[in-house]
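# Structure for this input, please:
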Amino acid sequence: MLSRIFFRNVFLSLTALLVLNACRVGKEYSQPPVLLPEQFTTKSFADTSSIADIRWKSFFNDAQLLQLIDSGIAKNHDLLVAITRIEIAQQQVLQTAFRNLPTVDLQITGQYNRPSKNSLNGLSVNNFLNKSHVENYLAIVNLSWEADIWGKLSRQKDATVAG
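Below you'll find the model as predicted:
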């Protein structure tokens, strides 16, 4: 009998230990240092100004060419998709920044029913409530907050920022 209780307690203790160990999050990531030379071996004495520094609208003088370039940029689907993906990524980073804050959900509904006065059994709402309609209003407020005990939220934020 004593050994049965002992083994049960050992089993429960090991199970609790495994469950708590499963909730553990990995170690904090630290970026390894990047060793860069103080100065690169080749020195360039060339002119660093480039034609790429000039804005294209001031570089071209032809109005028709400028109009064609503008319409090409406006109708470039790949560029629009890339801009949309950048905006989505920015919103995801913003969303993960607010995960440590509590969330509040509010749901408000209202219902107005006017049943038929000609029911199958001869009874109507007027017999029970002394009015010909039924009003139903509902308001639900839900407040929730997740404590970042195991570091899950901070890891998600780091992963979102990393891409």
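# Tell me how the chain divides into domains.
55-99, 102-147 (automatic domain parsing).
# okay, these in JSON lines with distance to Phe7, mean pLDDT and mean neighbour count next?
(Glycine included, C-beta is placed from N, CA and C.) Below are those laid out as JSON lines (distance: least, Cβ to Cβ, whole Å; pLDDT from 0 to 100; neighbours: other Cβ atoms under 10 Å):
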{"stretch": "domain 55-99", "distance to Phe7": "43", "mean pLDDT": "88", "mean neighbour count": "11"}
{"stretch": "domain 102-147", "distance to Phe7": "35", "mean pLDDT": "83", "mean neighbour count": "10"}
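# TSV for these, including distance to Pro33?
Output for these, formatted as TSV (distance: least, Cβ to Cβ, whole Å):
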stretch	distance to Pro33
domain 55-99	26
domain 102-147	34
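# For Asn21, which of these is the nearest?
Ranking those by proximity to Asn21 (Cβ to Cβ) places domain 102-147 first, at 19.2 Å.
# Can you give me the end-to-end span of the closest one?
This stretch, domain 102-147, spans 9 Å end to end (Cα to Cα, to the nearest Å).
# With stretch 36-49 instead?
Chord length of stretch 36-49, first to last residue, is 26 Å (Cα to Cα).
# So for it, mean pLDDT?
For stretch 36-49, the mean pLDDT works out to 71.
# ok so, going back, out of the domains of the chain, flag the one nearest Pro32.
Shortest distance between Pro32 and these, using Cβ to Cβ, is found for domain 55-99: 24.0 Å.
# and the closest one, how far out from the chain's middle?
Centroid separation between domain 55-99 and its chain, computed with Cα atoms, centre = their mean, to the nearest Å, is 23 Å.
# Please name the nearest non-neighbouring residue to Ile108.
Ala139 (5.0 Å; Cβ to Cβ, 6 or more residues apart in numbering).
# Okay then, goodbye and thanks.
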